[in-house]
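In: Fold the following and give me the result.
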Amino acid sequence: MLCIREQRAGLSTYGLPLNIKIVMNKSKVNEAVIISAIRASKEGKRVTDICREYGVHRSTFYFWKKRYRQVVEDGRSRLEELEAENARLRQKRRALESNANLILGLLST
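Out: Next up, the predicted model:
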């Protein structure tokens, strides 16, 4: 919150004019790289080696890990759901093919 003196002077709490925005640096890595770094950590690779490879600080890596943990877990559970559905559909297809072959056999006789 700005104090009255800063508001009158037109300054922010950082002493900058109110019309100047503080802009953070854009990230050098994308989401796929972050997730691959987290997976490498889970596979047993040392955090210092991962940080050196991607050129980030340890605290940045742990921030990524905290932020994207849910993304990795959701992706894994979604993959398991899709694999189960795929197996169920394959079994259903085999049953339908078997029925179709049986019907064709009966009609051809």
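
In: What is the burial count for the residue nearest to V33 when sequence neighbours are not counted?
Out: The shortest distance from V33 to any non-neighbouring residue, by C-beta to C-beta, 6 or more residues apart in numbering, is to Y54 (6.7 Å). All C-beta atoms are positioned from the backbone trio N, CA, C, and that covers glycine. By the criterion of other C-beta atoms under 10 Å, Y54 has 17 neighbours.

In: Also R67?
Out: Neighbours of R67 under the rule other C-beta under 10 Å: 11.

In: Let me know the secondary structure of K45.
Out: Three-state call for K45 (DSSP: H, G, I helix; E, B strand; the rest coil): coil.

In: buried sites along stretch 37-50?
Out: For stretch 37-50, a neighbour-count test (16 or more other C-beta atoms under 10 Å) marks 37-38, 40-41, 50 as buried.

In: now, which of those residues sits nearest S77?
Out: S77 lies nearest to I38 out of the buried residues of stretch 37-50, by C-beta to C-beta, at 15.6 Å.
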